[in-house]
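> Generate coordinates for the sequence data below:
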Amino acid sequence: MRAYLQASALGAVTATLLLGSTACAGKPGEPSAASGLGSPAGSPAASSAPVAAAPVRSTPASSRPAASAPAASGGSAAAGVFSGRRQVSLVPVGSEGIVVVDGSGRIGLTDGSGDRALFALTPIGGDRYLIQTAKIRVGGEASCVAVRGTGDGPAPVVTAACDASAPGQQFRFRRTGDAEGKPTYTVYTGANTFLVRDEQGELLPGGTGVAAVRIGEGTPDIDTPFVVADRGPASLPALD
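Residues are numbered from 1 along each chain as shown. Now for the predicted structure:
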């Protein structure tokens with residue numbers, strides 16, 4: 001009898017274990033509740049489908065930031081002098097003079113200062129600027145620095161009525177380094193005609209101390225770096 005009872009008990013335990021194992025296994029493909037990883041009751045099960053990566057769109061070239069003007073390389077102060085809203089002096093490195101407009105309207109060098117030594121660099125598109133007189137007016141209008149000549153040889157630099165479409169009035173400023181902690185620039189037109197010092201009249205006899213010279217491959221290194229010194233706010237008539 002004892003052996004019979006023991007066999008019956010063992011059979012009941014075995015049946016219980018088999019039923020529990022079947023309930024835990026569940027249907028094929030369903031998460032096991034015993035594992036603790038299944039979805040909570042009433043919540044949709046997580047999808048096993050791969051998540052598509054968001055497409056990567058490249059920024060069109062036309063909407064990317066444009067190349068910085070030379071002003072940016074000199075910090076916020078330099079950005080101001082290239083805005084057209086500051087009056088500036090052009091100081092050749094290594095010279096005792098600064099750029100001025102003389103009594104006949106030509107550009108030269110002097111060791112003085114005053115209204116004739118003040119200019120405004122007015123942006124006209126791209127990396128080009130008009131160099132306008134900040135104080136001097138002709139008929140109520142500012143004048144502009146202009147290269148006179150064809151570029152075949154050293155040419156005088158003068159002032160003329162402002163014309164943003166005139167190649168001889170479209171100047172670029174190329175950062176060349178620093179002088180006493182201040183940015184320096186060479187000043188040139190689109191024809192690679194540079195403004196240079198010529199105090200002794202070696203390039204332009206009878207000149208005023210400033211000449212415009214085409215500098216290209218094989219040309220002696222005579223370009224002149226200038227410091228663009230901030231002289232305060234400018235007030236210019238609007239360009240037509």
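
> Please count neighbours and contacts with C-alpha atoms only from this point.
Will do.

> State which strand of this structure is the longest.
strand 128-138 (DSSP state E).

> elements contacting it?
Contacts defined by 3 or more C-alpha pairs under 8 Å, 6 or more residues apart in numbering; DSSP states H and E place strand 128-138 against strand 119-125, strand 141-147, strand 171-179.

> Just the buried positions in it, please.
128-136 (16 or more other C-alpha atoms under 10 Å).

> Lowest pLDDT pick from these?
Here the lowest pLDDT out of these sits on residue 136, with 91.

> Would you map the helices across this structure?
Taking DSSP state H as the criterion, the chain carries its helices at 2-25, 75-81.

> among the ones you listed, which gets the worst mean confidence?
With a mean of 39, helix 2-25 has the lowest mean pLDDT of the helices of the chain.

> about what we covered before: quick one: the longest strand of the chain to strand 119-125, angle?
Using axes from the mean of the first three to the mean of the last three C-alpha atoms, to 10 degrees, one finds that strand 128-138 and strand 119-125 are set 140 degrees apart in direction.

> Residue 94: neighbouring residues, count only.
Residue 94: 11 surrounding residues under other C-alpha atoms under 10 Å.

> Quick check, pLDDT for it.
89.

> got it, and residue 112?
75.

> Give me the phi and psi angles of it.
Phi and psi for residue 112, reported as degrees, to the nearest 10, are phi -90, psi -160.

> Could you report the separation of it from residue 225?
Distance, residue 112 to residue 225, using C-alpha to C-alpha, to the nearest Å: 20 Å.

> Among these two, which residue is more densely surrounded?
Neighbour count, other C-alpha under 10 Å: between residue 112 and residue 225, residue 225 has more, with 27 against 12.

> rewinding a little: quick one, the longest strand of the chain and strand 171-179 angle?
Using the same axes, to 10 degrees: strand 128-138 against strand 171-179 is 100 degrees.

> hmm, who's touching strand 128-138?
When contacts are defined by C-alpha atoms under 8 Å, 6 or more residues apart in numbering, strand 128-138 is touched by residues 87, 115-116, 118-124, 142-145, 162, 164, 169-173, 234-236.

> Please apply the same query to stretch 187-199.
Contact partners of stretch 187-199, identified using C-alpha under 8 Å, 6+ apart, comprise 92, 109, 151, 167-174, 186, 204, 207-216, 222-226.

> Buried members of those residues into ChimeraX, please.
Buried members of the contacts of stretch 187-199, defined by 16+ other C-alpha under 10 Å, are picked up in ChimeraX with:
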select :92,109,151,168,169,170,171,172,173,174,186,204,207,208,209,210,211,212,213,214,215,223,224,225,226
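
> Among the contacts of stretch 187-199, which ones are in strands?
Judged by DSSP E, the contacts of stretch 187-199 include 92, 109, 171-174, 186, 210-214, 225-226 as members of strands.
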